[in-house]
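Trainee: structure for the following, please:
(2 chains)
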Amino acid sequence: MLFSKFFAPTSKDTPADAQIASHRLMLRAGMISQTASGIYCWLPLATRVLEKISRIICEEQDKIGAQKVYFTTIQPADLWIESGRYDSYGKEMLRLKDRKDGEFLYSPTNEEQATDVFRKYVHSYRGMPIMLYQIHWKFRDEIRPRFGIMRGREFLMKDGYSFDLNFEDARRTYRNIFQSYIKTFRRLGLTPVPVQADSGAIGGNMSHEFHILAETGESTLYYDKKLPTATDEDLETIYAVADEKHDPKTCPIPEEELMISKGIEVGHIFYFGTKYSKAMNAFVLNDKGDKVFPEMGSYGVGVSRLVGAIIEASHDERGITWPESTAPFDAVILNLHVKNDKCRRMAEKIYDALSSKKEVLYDERNITAGEKLADADLIGIPWQIIVGPKNAENDIVELKNRKTGEVTNMTVSEIINRFIR
RNA sequence: CGGAGCAUAGCUCAGUCCGGUAGAGCACAGCCUUCGGGAGGCUGGGGCCGGAGGUUCGAAUCCUCUUGCUCCGACCA
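Mentor: Numbering: from 1, shown residues only, chains lettered A, B, ... in the order given. Down below sits the predicted model:
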């Protein structure tokens, strides 16, 4: 991709309204454009990141047997009247009317629709267990949207729904999802902190939130100081709770071993048994011919919020420092002097060689070197290949790591081999 | 939903108290000089001063109403 053709409207001005690093940087890097309070357009750079994150989530979901679907964003009120949530969800639900005055809503979550699809087509235990998920836009009319895309009203979420025949199976599914989420967040370059949580409007009695520790997080977490070094097997037994679950009177951890941190909630999983299957009369027959209501759970990952969370965890004073797994490009080539023939030849040779195998941005804009270096640091692509006139005289280019700042001098063919192995 | 702000050029803001020709920097367009950290020069284009009423000879400025956005709190995946 040629930078001169790439729509990434960067800016050196810090927007007045942006309070936290990720919001500021997303605006400055030309990733998002606000269209109303809590509602944002996702520009090409941010869209590439959303797609990287989504791909990793999908791969991990596929591994545990979840099947991808698209539910609908617009749903009839009737489904929600059946579950009883049409009234209880309150003003956060955006309600709409069609031309015939029929009542609809823009989906904030999809337990009802998942249950509806299940009951239409699955009537026997032989069709179970089943797990469906989607990555789609949601709308929740938040009282107070804030921090850019971190608490938007419209947001991209992965939401999954499981249907099991009995409690034991449902609990196993819940554990599988739990472990899968840990893996997913780690692949995204993050360190997740799972905590016990309330189940809120979803309902149910077993629930965990997954947080990324950050000063700017909106949630307060209480946990055993052993948690950050715990192995996968410990997790479920170590004390870690969200603030609404924490009570100093009943807390089993002595005060001196208790850590209190701010976290960004990026995932939330729920087991809620037969709450929706019973309310919506979704049932199957088991091997004895008995009517059985499936044990359900739902599992959410805030995909768009993850973009903000990753930036909160990965930035410095000059800009974003993307982890390689979610970076919008693998590398950026900076031709510092586009009118210098030697620079141009070297940069183009590298670009032609790499772009067949890697996602590469080539900065061939006719602007100052300082501007290119500043932009590259701002948008935070992990590897910068810097072609400057002085080094070009000696047939050398620089490979610079955005995060560490480490610079290695290499020849053109060494660079090409470094990225195409 | 309570509380507090803000709204003037694409962006960041000055001008508003104390009414009298619409401003700056950056950005943008053209030309030139530069070219390793957002460089410099010349020229140019950009505005219903959020909207509606009112007061006044005259309103960005004063008054009333309204809309939008931001922040704090409560709420929330």
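Trainee: show me where the stretch 101-250 of chain A dips below the pLDDT cut-off.
Mentor: A:199-205, A:231-234, A:236 (pLDDT under 70).
Trainee: try 90
Mentor: By pLDDT under 90, the low-scoring segments of the stretch 101-250 of chain A are A:142-147, A:196-206, A:213-250.
Trainee: where do the strands sit along it?
Mentor: Remark: strands assigned in the stretch 101-250 of chain A by DSSP state E, counting those that start in this stretch are A:103-106, A:130-139, A:154-164, A:192-196, A:206-213, A:219-224, A:240-242.
Trainee: residue contacts, the nearest residue in space to A:S124 that is not next to it in sequence?
Mentor: Excluding the flanking residues, the one nearest A:S124 by CB to CB, 6 or more residues apart in numbering is A:V284, at 5.4 Å. C-beta: built from backbone N, CA, C; applies to glycine. For A:V284, the contacting residues are A:122-125, A:127-128, A:165, A:291-292, A:294, by CB atoms under 8 Å, 6 or more residues apart in numbering.
Trainee: save the strands of the stretch 101-250 of chain A as TSV, and put in mean neighbour count and distance to A:L96 too.
Mentor: Below are these laid out as TSV (neighbours: other CB atoms under 10 Å; distance: least, CB to CB, whole Å):
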stretch	mean neighbour count	distance to A:L96
strand A:103-106	17	5
strand A:130-139	20	10
strand A:154-164	24	14
strand A:192-196	21	35
strand A:206-213	23	30
strand A:219-224	21	31
strand A:240-242	23	32
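Trainee: re earlier: farthest pair in the contacts of A:V284?
Mentor: Among the contacts of A:V284, the pair separated by the greatest distance (CB to CB) is A:G127 and A:K291, at 14.7 Å.
Trainee: those two: who's more crowded?
Mentor: Neighbours were counted for A:G127 and for A:K291 using other CB atoms under 10 Å; A:G127 has more, 12 against 9.
Trainee: isn't A:N340 right next to A:A392, touching?
Mentor: Yes. Assessed by CB atoms under 8 Å, A:N340 is found in contact with A:A392 at 6.9 Å.
Trainee: pLDDT weak spots in the stretch 301-421 of chain A?
Mentor: A:317, A:339, A:421.
Trainee: where do the helices sit along it?
Mentor: Along the stretch 301-421 of chain A, counting by DSSP state H, counting those that start in this stretch, helices occupy A:303-313, A:341-354, A:369-379, A:389-393, A:412-419.
Trainee: just want the angle from the second one to helix A:412-419.
Mentor: The reference is to helix A:341-354. 30 degrees (axes from the mean of the first three to the mean of the last three CA atoms, to 10 degrees).
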